[in-house]
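> A predicted structure for the sequence below; I have some questions about it.
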Amino acid sequence: MPARVTQGMMSRQLIRDLNANMLRNSVYQNQLSTGRKINKPSDDPVGITFSMRYRSELAATDQYQRNVDAAVSSLEYIDKMLGQAGNVLQRVRELVVQGATGTNPPTAMDAIRTEIKQLYDQLVNIGNSQFNGKYVFNGQMTGTPPYSTVSLDDTDPSKPKAYDSDPDTGQIKYPVAPGVQIPVNVSGRDVFGSASDPDNAFRILSDIYTALEQYDHEAVGDTLGRLDSRIDQLLRMHTEVGARSNRVELIQERLNDMSINLQNLQSKTEDADIAEVITNLKMGENVYQASLSVGARLITPSLVDFLR
């Protein structure tokens, strides 16, 4: 027996089809207005899982990039300070060579001594360098200056000099990748020497100053070996900081590549193809209009129409 199709059945089916068309069009309109094909989890349960993972990895990568930028800035500053310290010690070496010459008159020795005092003060200033308000050569004790600023010509024994200081050796490390931390500071002990080191840079300058004050040419020349030892150590630290900077720059490039890759993956997962959405929306609107037109012809006839 054939199934009986009533007017009510056709009306209900038409309404269901119209609602389905309107729902699809609403989805397309939402995608068009937001530019995203995933606006709620039900739009793509699998895609939203990948999207959340990409967002999490992007957030971590962004933090690593900020850490790397801070590390690059800190290491660049330290590199400049080490370069300035090297220039000071090289100038001191030139003066030592001049002062060790026995033919220098007292006036020449006094002039060299005056410059040595200025270079000592400059080296102390470098040792107390600050970056973003933090002392860079005092390990983890970044709020305390590592070196005394008492001048060489101050003879008060109760006042400690820079060569009496032993800066903190703690490292400040920045995480720049999962499981990777880069030290972004160096201790003043490694740069200028500890208080007990015979080649402590500040002690060498103090000994040179004293020898010049006594017009002792031989004593001035005797400091040359210790001075060269400290210059060599400073060069090694300069090289180490340069190696760290190179590594951080390589990590920075890799993080930039990772960020671009994750953004592309996120875009492919979340972003809508606007041209495709417009096409689908236009097709949906045409289908909706056609459904209305057909439905109007099916539903409009009534008993009154047949009695006319």
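Okay, I see it.

> for the stretch 201-308 of the chain, give me the ranges with low pLDDT.
270-274, 276-277, 280-281, 284-308 (pLDDT under 70).

> name the nearest residue to residue 265, ignoring sequence neighbours.
residue 54 (5.4 Å; C-beta to C-beta, 6 or more residues apart in numbering). Where you see a C-beta, it was placed from the backbone N, CA and C, and this is true even at glycine.

> so what's the residue count around the one you found?
20 (other C-beta atoms under 10 Å).

> same thing with residue 131?
Neighbours of residue 131 (other C-beta under 10 Å): 17.

> what separation is there between the nearest residue to it once chain neighbours are set aside and residue 135?
Spatial nearest neighbour of residue 131, excluding adjacent residues (C-beta to C-beta, 6+ apart): residue 77 at 4.6 Å. According to C-beta to C-beta, to the nearest Å, residue 77 stands 12 Å off from residue 135.

> okay, those two: which has more neighbours?
residue 135 (22 against 16).

> packing partners for the longest helix that the chain contains?
The helix that spans the most residues within the chain, counting by DSSP state H, is helix 45-99. With contacts defined as 3 or more C-beta pairs under 8 Å, 6 or more residues apart in numbering; DSSP states H and E, helix 45-99 has these neighbours: helix 106-127, strand 130-131, strand 173-177, helix 188-192, helix 201-213, helix 217-222, helix 224-270.

> how about the ones you listed in a markdown table, adding distance to residue 84?
Formatted as a markdown table, these follow (distance: least, C-beta to C-beta, whole Å):
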| stretch | distance to residue 84 |
| --- | --- |
| helix 106-127 | 6 |
| strand 130-131 | 13 |
| strand 173-177 | 24 |
| helix 188-192 | 11 |
| helix 201-213 | 13 |
| helix 217-222 | 24 |
| helix 224-270 | 11 |
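
> wait, which of these is closest to residue 156?
Taking C-beta to C-beta, helix 201-213 is the member of these nearest to residue 156, at 14.2 Å.

> can you give me the buried ones in that closest one?
201-212 (16 or more other C-beta atoms under 10 Å).

> related to what we said a few turns ago, quick check: mean pLDDT across the longest helix of the chain?
Taken as a whole, helix 45-99 has an average pLDDT of 90.

> next, the angle from it to helix 106-127.
170 degrees (axes from the mean of the first three to the mean of the last three C-alpha atoms, to 10 degrees).

> now helix 45-99, how far from the centre of its chain.
7 Å (C-alpha atoms, centre = their mean, to the nearest Å).

> next: stretch 213-227.
Counting by C-alpha atoms, centre = their mean, stretch 213-227 comes out at 45 Å from the chain centroid.

> quick one: buried residues of it?
So for stretch 213-227, counting by 16+ other C-beta under 10 Å, buried means 215, 217, 219-221, 223, 226-227.

> farthest pair within the residues you listed?
Largest separation among those by C-beta to C-beta: 215 and 226, giving 20.3 Å.

> now residue 178: phi and psi?
phi -60, psi 120 (degrees, to the nearest 10).

> burial measure for it, as a count.
Using other C-beta under 10 Å: residue 178 sits among 7 other residues.

> quick one, the longest helix of the chain and helix 224-270 angle?
160 degrees.

> helix 45-99 versus helix 201-213: what angle between them?
10 degrees.

> ok so, going back, so the residue nearest to residue 265 is in contact with residue 262, correct?
Yes - the pair residue 54 / residue 262 is scored as a contact, 5.4 Å apart, by C-beta atoms under 8 Å.

> could you pull up the residues touching residue 70?
By C-beta atoms under 8 Å, 6 or more residues apart in numbering, the contact set of residue 70 is 174, 184.

> and the gap between it and residue 129?
17 Å.

> so residue 167 sits in a helix?
No - under DSSP: H, G, I helix; E, B strand; the rest coil, residue 167 sits outside any helix and is assigned coil.

> so what's it up against?
137-139, 141, 146-147, 187-189.

> okay if I get those residues as a markdown table plus neighbour count, distance to residue 238 and pLDDT?
Formatted as a markdown table, the contacts of residue 167 follow (neighbours: other C-beta atoms under 10 Å; distance: C-beta to C-beta, whole Å; pLDDT from 0 to 100):
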| residue | neighbour count | distance to residue 238 | pLDDT |
| --- | --- | --- | --- |
| 137 | 27 | 13 | 95 |
| 138 | 25 | 19 | 95 |
| 139 | 20 | 18 | 93 |
| 141 | 14 | 23 | 94 |
| 146 | 24 | 18 | 95 |
| 147 | 24 | 19 | 95 |
| 187 | 21 | 14 | 94 |
| 188 | 27 | 14 | 94 |
| 189 | 21 | 15 | 95 |
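
> distance to residue 109 for the buried residues of stretch 213-227 - can I get that in TSV?
Shown next, in TSV, are those (distance: C-beta to C-beta, whole Å):
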residue	distance to residue 109
215	5
217	8
219	11
220	8
221	13
223	14
226	20
227	17
